[in-house]
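1. this one's sequence-less:
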């Protein structure tokens, strides 16, 4: 039998990080639709993130993306976040939007471009120092579109050199999280296309190098929870970029496309102790709300992760292990499904009430008047977006 | 034995249509890289297309995209094309970039939006009338991102209504080509996701409704040549949007990712007589040259289609049929591979020389000075692109 | 608000057909593992199916597969089924296991092989006449492994001819269900690879020709519920072969791999009235229990379909439509998810109790002693299997 | 310019290993079609392999599969091979066909089963000692079909333990090659599903542990040549299991489905020096000739690898590097495509003639009378197959 008190206790510790860019406009190559109330500044993005935390109680930090969130005074930005009840989380680097990066950044054939890209990464560590952020998120769009375009192996050499330089720059208590992605924007090769590539580089670079799993970045049919379990066993899972997808890197709300997969992932997280704060695993959202309102979409996403986590914590691990060890295929599967099929929403509503939160965060936000207020206030200026 | 004279004769008839938008800037949601010399106007796009025809001899028409190619006087634009030695081809409609279309165009739940979208489609027929174009290309980005977002079936009813209205508006010698696409920009449902959907609508609407196969719009593992053969058997293949892909709708140069697949497609085309002008099948390119120079990329693409066609024409059909009918698996495959493994480039170079063309179109363009000229001339103004 | 009485009423009508072959041994090309108690005869398979119906109350028919279920007296077999409280369902033809079919059956280049295959199909209609079965299931493994091996288009001609002959043979109240499948055992082309192909043939052949959707037979990323909704709109959905898959045609228990997908499918079924007996849609299982005990696996599968149906019936359709029509993306999705997230197991347990069934069919079977009995009785003879 | 003498010299060194099981019957779970002349014994399989070598000159070794090739006296079998002009290559272990392995072999929850599996692996090393084989091929079908069925992480612990024990047993000059595979026969998790998993285990186990790339064992969209280049850079590519696929692990003839992919793979092999005998990379075929005659299919496969290698050797590496370093996307791609588009068959025919071989191995085999002889001689006995 599962101890519900322990489940509640674990859930009270949960922390999910929000991406500042989720509050800005996003879209596809076909169109970015603008929406009223969208932030114009990093400060406004943080305010929106704080609103999500206000209603959910489990989203205490917000990741920044440089240069989209460039400000003059990062310490002041961090103080602004604290004033709103949240803190600055991971710093996300961007070496894909400068014209120089058309054929790559740290893997570019031209050493000058590589140097420029590396300088940006190092500048991001400066921002970590200024904000107290501990995590540097590295995603490289680097790759090629046509066979022969560049030397696959030489690009790995260049990548390794850049990663080592970043690692060397990181201070005490800082680390980088290396993100892999199958494709897009590169269509033939991608220089960090899969977890194996990210893992191999990180193993060589030591404890400050960890792998981050973006749940939308795999080939069709990939078993993500296997990767999660494997990386945890190796001590190399640095965190998640949560979202969901039906096809490619759709960046839909986490749990929207395949809630059972999210549950299975969280089951492996719990199995490996990753839900404990001591694990050091960062649970981050990375989504694009192309057609839905952004703040409620973030609230819904946070709740989806929370619900999946609650279900994972409900698994009767003793019964599961007993069935597994005796080769009882249907019995073991049944134990897992019992937890998944449980409706945890009433339990979570009670948990929120205990903590002084509204039991229904979506409804509470709708009633709060926050959206109307920002729709009215945020007129003029330039709405935040990807600037692609 | 294959009759080389007949092969040459068939190749001399070949016509591949270029998309005006291939000469403008394109990219991904992450970044559109600008490039020197890119056209600012539909007229300049047509000039670039004419340059491709000048070197290849088999690209006599250019497709327009409305509103990207909106002009005041379409008859004048058509005359401009003729002056440059080419003609206006298919008119491509666009009902995906207006803010009203965020949740759909002709399938939108709101009748006002549907009406607006339909009006655009009908306006495109006006442009066909003005330019002498016979083909209206219909691609709908319509779909949903989240389960439950809209009623799948009601959207089909709305789609059917719009298609019927377009069909009714088409004049003598005009038709529409309905394009299907698995996903993007919609990520849960797409209203015309596969050839079966396009086919089912077109069958009901009669001869003016045909299916167009974009070679990048299928699920992984789809056998495209099967679809081509099937649609030809049904008399419903209106044309191709050629490009190539490794992952999703990558829009790379046709033949760049899987030249053997392109050959197999052309083999089915030839098998069904689709290479003859009388077939009415439109062979169009639809590509994005995100990182490579656009005019030579179009030349290369035209040559890739030509080479694949030449190989398909070289297949010893008598030997193939004999092997097939006797169940000689390796023999039949061997006949096909003999054609594919043949280096047709010398043969095509000779064919060009006979027609007064430079045998090496890529080199000829490089020597022509055209690129330097447009790089110098096309300064200022706003470069053409998708405007996303 | 959903009317729970109406939900219960609809669920009481539900009927799910079991495949006789699910009770026999199955496996992969690597190994078929034998299991105690497996039936040796069609009669024993039907007895096992009847046991599933005894515990679930909604599995009143069992599909036969010819020649795996060949008997001398089909009327007697039907009577045997009736005696056990079930009836004979669809007759599944098999034109893939004779040595003559190595290169195809009804699409084979050799007319003699085609004739043999057609004769088998017609013989299956004789069995329908003898058993009172109304549905003939047609699945063709026909296809090719290598490009050029056979003529794609000629094979469609041969297929069309065979289907027409079968249609002509069918009597009043009889129909065929044409099954499509992406690949396996053919690896280059499959002659009925997708719903579009099956649909196109069935449209031409009239009301006695319907499409069956096997949920494991699609390319990665295919939206199955779209196909279901589309075929229902066209009046061409004859039925389902339910199972689930992570990769290819894995034939796992329905609902085991993606329960949310099963729910979405059942949502479209309910949306189109397909859950009503009047719809004529056959809900069949088609699974391989390679490593799990077969009878409880069938019970679990029936329950999974029932649970997904119950959730689909719980959807607040008025609220859903209201949200859809106003473009409330998150609201509409939320209505659907509310139903999905509901734990319907207590409701279904009550429904069973009302009907005099044990509320927990899995536990009831475990307690029944049936498995021990057949393990002891079914010794000697040859266990049923695919005979591959 | 490429030095043709050097190309010829490299090609003369090439060695491709044949799998003994390719000469036996194989099929799918639906049917194994028998064929005349199929070997009944390991000795006959080796004779067929020797025939392939006789015609191609580059297939000097044959891999064994235990227990399919179990004999009393392995030294005698090795001598038999030498007498026929070939030698015994890799020993392939089989821990997937015993009833005990239904839920796993070295990862099974039961220690007794694990011990049995490990004992088999160690016995394979004994056969290596007896035959002089240096390579032990390890493929594990281990995995699970249902979520929760077993503990993903515990299975990795068990796997690591077994691999270490095998490594410890290997003698001087011996190594194991660990094969990964996405799925089949397991459908939910596979314990070595991807190159990253195989790599991570091999890195820890040192030089005697290497990764083998089976070209049919990846998720859709995987860039195999990237993996090849990456593993070569890490010194961890032990060899290839060549075959080709359109969908899953189709095991078609290498080069039949995507000859351009094979060329790209060989380009990376050559780029990394893997074509030199000193590289230690084993080039093996692993195919199933389900519907085509087996000996000519093996000849065709060997030729396909040879042709791809010849094209890869023809790449003008100086021109390629120059284009790559200057960011000339189309130029670099063009250099690669020039080599690919070259018809190397005449060059290879000349090379064979120089070596005293028939320039056309397929025709030479057809004329040899070998097939007629074995068809006549191999009557009675039990044809070799997988015994599934």
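-> Done, it's in. Please read all numbers here as calculations on a predicted model, not as lab measurements.
2. Pick out the residue of the stretch 1-150 of chain A closest to chain B.
-> Going by C-beta to the nearest C-beta, chain B is nearest to residue A:28 of the stretch 1-150 of chain A, at 3.9 Å. C-betas here are computed from N, CA, C, even on glycine.
3. Any idea what that residue is bridged to?
-> Legend: beta-bridge partners of residue A:28 under DSSP bridges are residue A:31.
4. so how far is chain D from it?
-> 19 Å (C-beta to the nearest C-beta, to the nearest Å).
5. how about the helices in chain A?
-> A:4-13, A:42-56, A:74-83, A:111-131, A:152-169, A:195-205, A:224-233, A:259-271, A:294-314, A:317-325, A:329-341, A:345-354, A:361-368, A:370-377 (DSSP state H).
6. Hmm, the residue of the stretch 1-150 of chain A closest to chain B is touching residue A:386, no?
-> No - with contact taken as C-beta atoms under 8 Å, residue A:28 and residue A:386 are classed as non-touching, separated by 10.9 Å.
7. quick one on the thing from earlier: make a markdown table out of the helices of chain A and add mean neighbour count and mean pLDDT.
-> Below are the helices of chain A laid out as a markdown table (neighbours: other C-beta atoms under 10 Å in any protein chain shown; pLDDT from 0 to 100):
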| stretch | mean neighbour count | mean pLDDT |
| --- | --- | --- |
| helix A:4-13 | 14 | 95 |
| helix A:42-56 | 24 | 98 |
| helix A:74-83 | 17 | 98 |
| helix A:111-131 | 18 | 98 |
| helix A:152-169 | 19 | 98 |
| helix A:195-205 | 23 | 98 |
| helix A:224-233 | 24 | 98 |
| helix A:259-271 | 24 | 98 |
| helix A:294-314 | 24 | 98 |
| helix A:317-325 | 18 | 98 |
| helix A:329-341 | 22 | 98 |
| helix A:345-354 | 16 | 98 |
| helix A:361-368 | 16 | 98 |
| helix A:370-377 | 14 | 98 |
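8. Around chain C, pick out the residues from the stretch 101-250 of chain A.
-> Proximity of the stretch 101-250 of chain A to chain C, by C-beta under 8 Å from any C-beta of the partner chain, involves residues A:220-221, A:223, A:246-247.
9. Quick check, central residue of chain A?
-> Closest to where the C-alpha atoms of chain A average out (C-alpha atoms, centre = their mean) is residue A:241, at 2.4 Å.
10. how far away is that residue from residue D:355?
-> 56 Å (C-beta to C-beta, to the nearest Å).
11. Tell me the residues on chain A that lie near chain B, please.
-> Checking chain A against chain B by C-beta under 8 Å from any C-beta, the hits are A:26-34, A:96-97, A:99, A:101-103, A:141, A:145-147, A:182-185, A:187-188, A:220, A:245-248, A:250, A:252-253, A:256-257, A:290-292, A:386, A:388.
12. Any idea how far stretch A:210-220 is from the middle of the chain?
-> Its chain's C-alpha centre and that of stretch A:210-220 lie 10 Å apart, by C-alpha atoms, centre = their mean, to the nearest Å.
13. First-to-last residue distance for that stretch?
-> Using C-alpha to C-alpha, to the nearest Å, one end of stretch A:210-220 lies 24 Å from the other.
14. repeat for stretch A:263-281
-> Length of stretch A:263-281, first residue to last, C-alpha to C-alpha: 17 Å.
15. near chain D at all, it?
-> Yes - applying C-beta under 8 Å from any C-beta, one finds stretch A:263-281 in contact with chain D at A:264, A:267-268, A:271-272.
16. Can you tell me which residues in the stretch 151-300 of chain A are near chain D?
-> By C-beta under 8 Å from any C-beta, the residues of the stretch 151-300 of chain A that approach chain D are A:151-153, A:156-157, A:182-183, A:188-190, A:193-197, A:199-200, A:203, A:218-223, A:225-227, A:229-230, A:232-234, A:260, A:264, A:267-268, A:271-272.
17. What spatial separation is found between the residue sitting furthest away from the middle of chain A and residue D:286?
-> Most distant from the centre of chain A: residue A:326, at 37.4 Å, with distances by C-alpha atoms, centre = their mean. For residue A:326, the distance to residue D:286 equals 35 Å [C-beta to C-beta].
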